[in-house]
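Chemist: Take this sequence and fold it.
(one chain, ligands or ions: 3)
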Amino acid sequence: MEELLRLRKAFGVALVSISHDIALISRLSDRLMVMYAGILVEKLPSNSFDVAQHPYTHLLVNSIPKLEEDIAEVQPIRGSPPRLISSIIGCPFLERCDYAVMSCRDESAAVLRQTQPYHEVACSVLPVFPSANMKAQKLRKREDSGNSTSNKAVVLEASNLTRIFEKRTGIREIATSASNKIVAVSKVDLTVRSGETVALVGETGSGKTTLSRMLGLLDAPTSGQVKIMGELVNLRKKKEIMAFRKIIQTIFQDPFQSINPRFPIASTVAEPLTVNKRASATQTGSNNGDFQQQGFGSVLSNAENRETMVVKALQEVELSPPEDYLEKYPHQLSGGQRQRVSIARGLIVDPKILIADEPISMLDVSLRAGILNLLRKLKYDFGISVLYITHDVASARYLSDRIYVMYKGEIVETGETEDLIRRSAHPYTIALLLASIGIEGSISEKLGERIFSQSEAADNKGCLFAPRCQFAQDICSAEKPELMQMSESHSSRCHFAQDIQGMGLTELRPKK
Ligand SMILES: Nc1ncnc2c1ncn2[C@@H]1O[C@H](COP(=O)(O)OP(=O)(O)OP(=O)(O)O)[C@@H](O)[C@H]1O
Ligand code: SF4
Ligand SMILES: [Mg+2]
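Modeler: Ligands and ions are numbered 1, 2, ... in the order given. Next up, the predicted model:
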């Protein structure tokens, strides 16, 4: 987007950005238009989502975590968008709107009317939304989040985990038997503690999925090891892996691909019970008192049959009434509902650890808040440890106690969430924070532009981030930085970590 803006300036062309990322487009556009069910519901001047007057726009803004605000509870939008199989008369948002009155059914409710200069809204009510003060009651304190789990047992541990892909590409490689090596994950150390939510953050191609598949026991590493509940897993022994599958479950990015369209929801959710039946006797490490959570299993242990267990699982992911979903097929559900089905399928085997690989990135913005809040609930209600994988630092901050930042297969920074965000000590983390900046604008946009405008160079033997780094010195391309400990729980892989942290580039400004 920075590049598009540069081109716009250079050539004087008009730019129309179409996106569900309202934080990004509010930063980039002079005028904003909000569309719902095929019609424009609001036109706003730039950077003014906070004065939105249409209930849909207002809810949309409140349904995404923002980096610059303190942690406000994100509000899901109830229901799902209408299926546009026949024309809609009146306001298309009617069924999901808390402010609807009879006149919303009139044709005129869907017509844009000017309410302020440069501001048009298609709403016959124009409700007054709760004030900022009332909203403030829902803010959460973040300060104590990391400490609460720091003395808990480690349930998932990766040591020196590496995955190298061999990729033969061109004629030359085939003729010479030379191969391109892609080091997707390089010597990663990572821990997840009991009842902790840990976020793994990085841009596309940084190796998040490759790492998560090894941690979720779906792929074997090239080298390194994984311990689950303190036990070393032999990732080449299928039987052993099956025993651990009951403890660790993975939720995938795409709810449209990850559940079989030919099976009803009841069979889909119950499937892991069959798969894990033989493995159920092997509850490695479950005698350790630290792992005795209130757990989803305690809810299910008295269940009399599979259907009861399925109903319970559907209830816990807030698909209600659950009985209505048992016979439905995936195509009859929204993306958010399908993702809930995937989570229910993971929960039914009473896992201790859930790996969620970008679980909201394929969902409509209005459905994301619901899944984020559900993942929070799993931690608080069932004590499940969650590894949340994302490229969005704002949602990582919303959910996690600790964050690992990954770049080109390496962990470049790790720390307790608030400490890492407020006192970032790696230029790449700072760049990610700037890319994810909230609606209010940014702190050091110039730095963000600079970092993301630099093109990638070939790998060098020094710091992998050096070609894009504003702070790079000669040593950076010559010598590989090690993870440097900034405090007990905060480390950064940068030669100048201390200087960069001292600059306070990510100190968050209070909202104007
Ligand atoms: N099976 C494979 N064969 C060859 N290369 C692969 C394979 N799987 C992943 N890679 C490469 O490994 C690197 C990391 O990929 P990965 O999918 O783990 O990244 P990611 O961080 O999950 O990205 P995204 O955010 O787009 O999901 C990429 O360069 C990718 O092209
Ligand atoms: S080591 Fe050098 S190039 Fe790498 S992130 Fe730090 S300053 Fe930038
Ligand atoms: Mg991925």
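Chemist: so how many other residues sit close to the residue of the stretch 401-512 of the chain found nearest ligand 3?
Modeler: Closest contact between the stretch 401-512 of the chain and ligand 3, by CB to the ion, is at residue 406 (10.6 Å). (Glycine included, C-beta is placed from N, CA and C.) As a burial measure, residue 406 scores 26 neighbours (other CB atoms under 10 Å).
Chemist: next one: residue 268
Modeler: Around residue 268 there are 22 residues (other CB under 10 Å).
Chemist: For it, pull up the helix or strand it's in.
Modeler: Following DSSP states H and E, one finds residue 268 within helix 265-275.
Chemist: Quick one: distance of that helix to the chain centre.
Modeler: How far helix 265-275 lies from its chain's middle: 25 Å, per CA atoms, centre = their mean, to the nearest Å.
Chemist: Send me that helix as CSV with only the CA atoms.
Modeler: Extracted in CSV, the C-alpha atoms of helix 265-275 (Å, rounded to 0.1, in the frame of the first residue of the first chain):
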residue,chain,number,x,y,z
ILE,A,265,-21.9,-31.4,11.4
ALA,A,266,-22.6,-34.2,14.0
SER,A,267,-20.2,-36.6,12.2
THR,A,268,-17.6,-33.9,11.6
VAL,A,269,-17.4,-33.0,15.3
ALA,A,270,-17.5,-36.6,16.5
GLU,A,271,-14.8,-37.8,14.1
PRO,A,272,-11.8,-37.2,16.4
LEU,A,273,-13.4,-39.4,19.0
THR,A,274,-13.1,-42.3,16.6
VAL,A,275,-9.6,-41.4,15.5
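Chemist: And it, what does it pack against?
Modeler: helix 238-245, helix 306-316, helix 323-326, helix 335-347 (3 or more CB pairs under 8 Å, 6 or more residues apart in numbering; DSSP states H and E).
Chemist: switch the cut-off to 7 Å
Modeler: Helix 265-275 sits against helix 306-316, helix 323-326, helix 335-347, with contacts defined as 3 or more CB pairs under 7 Å, 6 or more residues apart in numbering; DSSP states H and E.
Chemist: which residues touch that helix?
Modeler: 259-260, 306-307, 309-310, 313-314, 325-328, 341, 344-345, 348-349 (CB atoms under 7 Å, 6 or more residues apart in numbering).
Chemist: 8 Å instead, please
Modeler: Residues from elsewhere that reach helix 265-275 (CB atoms under 8 Å, 6 or more residues apart in numbering): 242, 245, 249, 259-260, 263, 306-307, 309-310, 313-314, 325-330, 333, 341, 344-346, 348-349.
Chemist: Tell me which residues of that helix come out buried.
Modeler: Using 16 or more other CB atoms under 10 Å as the test for burial, helix 265-275 gives 265-266, 268-273.
Chemist: swap in stretch 44-63?
Modeler: For stretch 44-63, using 16+ other CB under 10 Å, the buried residues are 44, 47, 49, 52-63.
Chemist: Residue 37 is in contact with residue 87, isn't it?
Modeler: No: using CB atoms under 8 Å, residue 37 is not in contact with residue 87, being 10.4 Å away.
Chemist: Name the residue in those two with the higher neighbour count.
Modeler: Neighbour comparison, residue 37 and residue 87: the larger count goes to residue 37, with 15 against 7 (by other CB under 10 Å).
Chemist: Could you tell me how far that one is located from residue 106?
Modeler: 16 Å (CB to CB, to the nearest Å).
Chemist: go on, residue 490?
Modeler: Taking CB to CB, one finds residue 490 at 58 Å from residue 106.
Chemist: tell me which parts of the stretch 401-512 of the chain are close to ligand 2?
Modeler: Within the stretch 401-512 of the chain, the positions near ligand 2 by CB under 6 Å from any ligand atom are 426-427, 463, 465-466, 469, 471-472, 476, 481, 494-496.
Chemist: switch to 5 Å and redo it
Modeler: Counting by CB under 5 Å from any ligand atom, the residues of the stretch 401-512 of the chain close to ligand 2 are 427, 463, 465-466, 469, 471-472, 476, 481, 494-496.
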